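In: Sequence and predicted structure are below.
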Amino acid sequence: MSILSGGAAAPEAVRQQETPISLGKTMAGELAATDPRLADGRAYDVFMLSHQVGQSVQVTVRSIALGAVILAGPLVADGRCISMSGTCLVDDDSGGGRNPRITTTIPHSGYLWISVTGQNANAARGAYSIVVIPAPTATSATATRPSPVAVEPTPAVTASAPAPAQRMRRPKPNPIALGRPVAGALTADDGQRADGGLVDFYEFRAPEGTRAKVTIASSSFTPVISVGTDGTLNCTHTCQPAEAGTDGKAQIGNVVVTGMELVRIVVGSRFTDGMGSYTLTVSRKP
């Protein structure tokens, strides 16, 4: 927390919270003063869909209170869609009127991030609904005419949708600062990979070009770490993995912060039943 010149504490920045959303389920949301904000002052919400890789889906946001804008892609951080492959999409009115709609496929990570905001800082307030459904095919689009808006699936349609891929229990990322060791522990309540292994999830921010070293040590289990810009537990985009040796210590010594200014760290065990305490440190590399 920073201190203002008058001695008062500056308010803590509101952190991005990711809300899980299920295929076929309409959710109510609201852009409010308490939400995190983009650099231009617009409030935003972030949703995360876990589903079958390659599945084509349609995201629709409806609101009479604001002109909504949606962004969708492999990772949304600070309300911005981040993609190493150019697969970010933005829309403001394809759903009719001021309602945005995007049709896209689930990335190879199995997760699709969706950011909802307004067209400007003054208009980014108000209630809305969001729904993600299987993308209509040519046959289904014909069947729903003359309605210009895709009909939300009935329970029977939802039940017949392709079964999701193995779902991971994904924890919220914990902030970690340069030079400040974190004492953590893998417990039964933590996140979980598809293979059942427990994981903790961290992120640190630093100016572009910062070079850092990530170190983990444990006497309770054989720790494994992955460091990169990906927001998934598999850490598949530009990630660096490391596994501890017999000394219980693993280290990644050349982490460079890119223009995204956000680096993710996944902490896990070599074995799926690994649990216990550890120490994680991100230090500045000369």
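Out: In hand now; what should we look at?

In: okay, now G274: neighbour count?
Out: Neighbour count for G274, taken as other C-beta atoms under 10 Å: 18. The C-beta positions use only the backbone N, C-alpha and C, and glycine is treated the same way.

In: From here on, call the first residue 31.
Out: Got it, first residue is 31 now, which makes that one G304.

In: quick one: it from G97, how far?
Out: 49 Å (C-beta to C-beta, to the nearest Å).

In: where does R210 land in three-state SS?
Out: coil (DSSP: H, G, I helix; E, B strand; the rest coil).

In: any idea how far the nearest residue to P211 once chain neighbours are set aside lies from S249?
Out: Distances taken as C-beta to C-beta, 6 or more residues apart in numbering put T311 closest to P211, at 4.4 Å, once the chain neighbours are dropped. Noted for T311: a distance of 15 Å to S249, by C-beta to C-beta.

In: Which one's more surrounded, these two?
Out: Neighbours were counted for T311 and for S249 using other C-beta under 10 Å; T311 has more, 17 against 11.

In: Assign a three-state SS to that one, would you?
Out: On the three-state scheme (three-state DSSP), T311 is labelled strand.

In: Looks like it contacts V244 (just checking).
Out: Yes. Look at T311 against V244 with C-beta atoms under 8 Å: they come within range, at 7.4 Å.

In: who touches the residue nearest to P211 in this structure?
Out: Shown in contact with T311 (C-beta atoms under 8 Å, 6 or more residues apart in numbering): 209-212, 244-246.

In: what's the neighbour count on Q222?
Out: The number of residues packed around Q222, counting by other C-beta under 10 Å, is 19.

In: From what I see, it and L228 are in contact.
Out: Yes. Taking C-beta under 8 Å as the definition, Q222 is a contact partner of L228 at 5.9 Å.

In: Tell me which stretches of the stretch 181-316 of the chain form helices.
Out: Secondary structure of the stretch 181-316 of the chain (DSSP state H, counting those that start in this stretch): helices located at 185-189.
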